[in-house]
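Undergrad: What follows is a predicted structure for the sequence shown.
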Amino acid sequence: MEKTKVIQLTESDCWAVDYLIRHTWKDDEGPSGVAKGLLIKVFSLLKEFEAGSRSPTLPVALTERECWCIDFNIRHDLTMGHEPVGKHILLQVFGLILEFQNEQATEDSLRGVNFIHRPATNNLDTPYGDSTDH
């Protein structure tokens, strides 16, 4: 299962994602299939807003692939009514992409580190536990 990270979307943000992602999904498991899962998440938020959610924003957990899908399809100058939703969505998504990339870079660099391994011992007289090997 892919890692996810959470952002907060307004109702206008959700409608923008629906409007611009809807045409991209295909009924397959390839890279373009990521949009279908994203749309399902957005549909659930829209249903909550329609049901009368009192919150101005709702959380959505996105994978890195979903973040890139949003980045590819949402323009920074997109407005819904008079709201600058494109910039609002993208700035949040950029933050998540940077977090995903930083975590990956950290994992990659830790794989390259050779830790000094010292044998376990009960003898506390020497750093390596065996006082007879000097």
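TA: Good, I have the coordinates. What you are looking at is a predicted structure, and each value in this text was computed from that prediction instead of being measured.

Undergrad: just checking, what packs against whichever helix in the chain runs longest?
TA: Longest helix in the chain, counting residues (DSSP state H): helix 85-111. Helices and strands touching helix 85-111, by 3 or more CB pairs under 8 Å, 6 or more residues apart in numbering; DSSP states H and E, are strand 5-9, helix 11-21, helix 64-73. For the C-beta atoms, the positions are set from N, CA and C on the backbone; glycine is no exception.

Undergrad: can you tell me which of these comes nearest to A51?
TA: Proximity to A51, assessed across the helices and strands packed on helix 85-111 by CB to CB, is greatest for helix 11-21 (11.6 Å).

Undergrad: Okay, angle between that closest one and strand 5-9 too, please.
TA: 110 degrees (axes from the mean of the first three to the mean of the last three CA atoms, to 10 degrees).

Undergrad: Would you indicate which residues of helix 11-21 are buried?
TA: Of all the residues in helix 11-21, those buried under the rule 16 or more other CB atoms under 10 Å are E11, S12, D13, C14, W15, A16, V17, L20, I21.

Undergrad: Next, the angle from the helix or strand following that helix to helix 11-21.
TA: The helix or strand immediately downstream of helix 11-21 is helix 34-50, counting by DSSP states H and E. Counting by the same axes, to 10 degrees, helix 34-50 lies at 150 degrees to helix 11-21.

Undergrad: so after helix 34-50, what's the next helix or strand?
TA: As assigned by DSSP H and E, the chain's next helix or strand after helix 34-50 is strand 58-62.

Undergrad: Sheet partners, orientation included, of that following strand?
TA: Strand pairing for strand 58-62, determined by DSSP bridges: strand 5-9 (antiparallel).

Undergrad: Alright, calling it a day.
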